[in-house]
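>>> Provided below are the primary sequence and the corresponding predicted coordinates.
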Amino acid sequence: MKRKIAVIAFGGNAILPKEQRGLQAEQMTNAKKAAALMIHIVKKGYDLIIVHGNGPQVGNLLIQMEEAITKIPPFSLEVCDAMTEGSMGFMLEKAIINELRKNSIDKEVATLITQVIVDKNDPAFANPTKPIGPFYSKYRAQMLVREKKWAMIEDAGRGFRKVVPSPRPIDVVPKKILHDLVHSGNIVIAAGGGGIPIIINGRGLFQGVEAVIDKDYAASLIAREVKADLFIILTNVERVSLNYGTSEEIPLQALDIVEARKHLDEGQFPPGSMGPKIIASIEYIQSGGKEVLITSANHLKAALINRSGTKIISTHKEQ
């Protein structure tokens, strides 16, 4: 019998909310809450790939490195991505294993350090837009621009921050191992933070680059690669809405990709919020995917039984 596969994407804020200090104990507790959500999906009969964000975590790591700059040489962003893939993967993996044991479910969990290939000619490299890491004084920022050729932007009243490009992912490494793991019935944590960005250089070799890959795009790519039956995107709202945040807000229970594209073109889903999630959903469905579910963590259990969330499908005739 063909295995059912789900891919779920959620942000790094799920493990480290803004209002928390970032203590290890806090993040462990949050990982337990995330693991309990994952078990709902497993109980619905799905094998699972988990793609998490790492924005708060990698930001804190970069701040630590800046504070220790006179004592320990800092690592580049892509190495920090690898470090948070490992640390967050461990926290989630342990929490999920414990939830499986509590529920007498016989599955194994694996964290896969995942490299994600981007095009070295992606236009994003000419226009870095993603701020990361600490705030710098004007003097320190100018020095880093001179010495490291970093791009910097000023944040009024708080100082200067490094900005990096956000290219689109085009392939994952190791793809076959990821495919084999999930198709063997394992739960896989992969492409943490959107994955470690790499390019193929002029000699045909992998080369790390300092960039940020949107985790929803990376999760969509993985869902397409493994031919997932369900693609879940967790966000901070119960449903996708038109006219979001206004008195004329309209929550959407379901929409097809033609409607989704139309609303996207009309500016209903801004680039900095729902836009990437809708684009990732459309690309998954257009590549043969069956169904996308967008909802919040609090409503995931209800959404899995069609009582909450927004469902995106190919056409309404499929309902």
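Received it, and whenever you're ready, just let me know what you need.
>>> contacts, neighbours, all on C-alpha from now
Fine.
>>> which residues in the stretch 151-300 of the chain form helices?
Remark: helices assigned in the stretch 151-300 of the chain by DSSP state H, counting those that start in this stretch are 175-183, 215-225, 257-265, 275-286, 300-303.
>>> just those helices: most buried one?
Counting by mean count of other C-alpha atoms under 10 Å, helix 215-225 has the highest mean neighbour count of these, with a mean of 25.
>>> contact partners of that helix?
6-11, 51-53, 116, 168-172, 175, 179, 191-195, 231, 233, 276-277, 279-281, 283-284, 287-289 (C-alpha atoms under 8 Å, 6 or more residues apart in numbering).
>>> Kindly recompute the last result at 6 Å.
For helix 215-225, contacts defined as C-alpha atoms under 6 Å, 6 or more residues apart in numbering pick out 7, 51, 53, 193-194, 277, 280, 284.
>>> swap in stretch 288-299?
Under C-alpha under 6 Å, 6+ apart, the answer for stretch 288-299 is 229-239, 309-313.
>>> Pull out the buried members of those residues.
229-235, 238-239, 309-313 (16 or more other C-alpha atoms under 10 Å).
>>> could you pull out the strands for the stretch 101-250 of the chain?
109-112, 115-118, 130-136, 151-155, 159-164, 169-173, 187-190, 196-200, 206-208, 230-235, 241-242, 250-251 (DSSP state E, counting those that start in this stretch).
>>> Which neighbouring elements make contact with the last one?
The elements that strand 250-251 packs onto, with contact taken as 3 or more C-alpha pairs under 6 Å, 6 or more residues apart in numbering; DSSP states H and E, are strand 241-242.
>>> returning to what we had before: could the helices of the stretch 151-300 of the chain go into CSV alongside distance to Gly22 and mean pLDDT?
Putting these into CSV (distance: least, C-alpha to C-alpha, whole Å; pLDDT from 0 to 100) gives the following:
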stretch, distance to Gly22, mean pLDDT
helix 175-183, 30, 95
helix 215-225, 21, 96
helix 257-265, 35, 94
helix 275-286, 26, 95
helix 300-303, 25, 92
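>>> Serialize the ones you listed to CSV and add fields for distance to Met38.
As requested, the helices of the stretch 151-300 of the chain are arranged in CSV below (distance: least, C-alpha to C-alpha, whole Å):
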stretch, distance to Met38
helix 175-183, 15
helix 215-225, 15
helix 257-265, 26
helix 275-286, 20
helix 300-303, 10
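>>> Can you say which of those helices is nearest to Ser76?
helix 215-225 (19.3 Å; C-alpha to C-alpha).
>>> ok now that closest one, how far from the chain's centre?
How far helix 215-225 lies from its chain's middle: 9 Å, per C-alpha atoms, centre = their mean, to the nearest Å.
>>> just the angle between it and strand 230-235, please?
Per axes from the mean of the first three to the mean of the last three C-alpha atoms, to 10 degrees, the angle that helix 215-225 makes with strand 230-235 is 170 degrees.
>>> Please export the C-alpha coordinates of helix 215-225 as PDB.
Extracted C-alpha coordinates of helix 215-225, given in PDB (Å, rounded to 0.1, in the frame of the first residue of the first chain):
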ATOM      1  CA  LYS A 215      11.400  28.000   4.600                       C
ATOM      2  CA  ASP A 216       7.900  27.900   2.900                       C
ATOM      3  CA  TYR A 217       9.600  27.800  -0.500                       C
ATOM      4  CA  ALA A 218      12.000  25.100   0.700                       C
ATOM      5  CA  ALA A 219       9.200  23.100   2.200                       C
ATOM      6  CA  SER A 220       7.200  23.400  -1.100                       C
ATOM      7  CA  LEU A 221      10.200  22.200  -3.000                       C
ATOM      8  CA  ILE A 222      10.600  19.200  -0.700                       C
ATOM      9  CA  ALA A 223       6.900  18.400  -0.900                       C
ATOM     10  CA  ARG A 224       7.200  18.300  -4.700                       C
ATOM     11  CA  GLU A 225      10.300  16.200  -4.600                       C
END
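>>> Can you name every helix or strand that the helix or strand containing Ile50 contacts?
Taking DSSP states H and E as the criterion, Ile50 maps to strand 46-52. The contact analysis (3+ C-alpha pairs under 6 Å, 6+ apart) places strand 46-52 against strand 4-10, strand 187-190.
>>> Good, wrapping up.
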